[in-house]
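Novice: Build the 3D model from these lines:
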Amino acid sequence: MKLFLVQHSGGDNICDKDEITKRPKEYTEEWPCLVHSSNSLSSVFCSVCRCNFLVAYGGRDDCHKHVSSTIHKYFVELRDSNKNVTVFFTNSDEGNAVTNAELFLRHFSLNITYP
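Specialist: Numbers count the residues shown, from 1 in each chain. Below is the predicted model:
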């Protein structure tokens, strides 16, 4: 078992590495947008806001504050209001037939112009 030093304003505490690394998994169960951060063991990454924040001191309360924040709510609304890109593209046989006809005409006209 590896132990490491966590510093905070109240002094230094020695914590179990496994104890801290399992916390983000618990937060992900409650808030799916929060995942383990690659920055540090005591950070969480928000996939909605694309930001890392520290959860070493407040833990679950830090996560709750972030998810309840104005900026997080703004990004959630922004994500929900955006349309999916695939809506703008058709994948129909009619669209492919028109594209093939245009390409055939371009090829034919280039072959006549530049033999």
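
Novice: which strands and helices sit next to the helix or strand hosting T99?
Specialist: If you go by DSSP states H and E, T99 is part of helix 93-113. The helices and strands touching helix 93-113, judged by 3 or more C-beta pairs under 8 Å, 6 or more residues apart in numbering; DSSP states H and E, number zero. The C-beta positions use only the backbone N, C-alpha and C, and glycine is treated the same way.

Novice: What's the mean pLDDT across it?
Specialist: The average pLDDT for helix 93-113 rounds to 79.

Novice: just the helices in the protein please.
Specialist: In the chain, the helices defined using DSSP state H lie at 17-30, 60-68, 70-81, 93-113.

Novice: tell me the most buried of those helices?
Specialist: Mean neighbours per residue, mean count of other C-beta atoms under 10 Å, is largest over these for helix 60-68, with a mean of 15.

Novice: other SSEs contacting that one?
Specialist: Counting contacts by 3+ C-beta pairs under 8 Å, 6+ apart, helix 60-68 packs against helix 17-30, strand 34-36, strand 43-46, strand 51-54.
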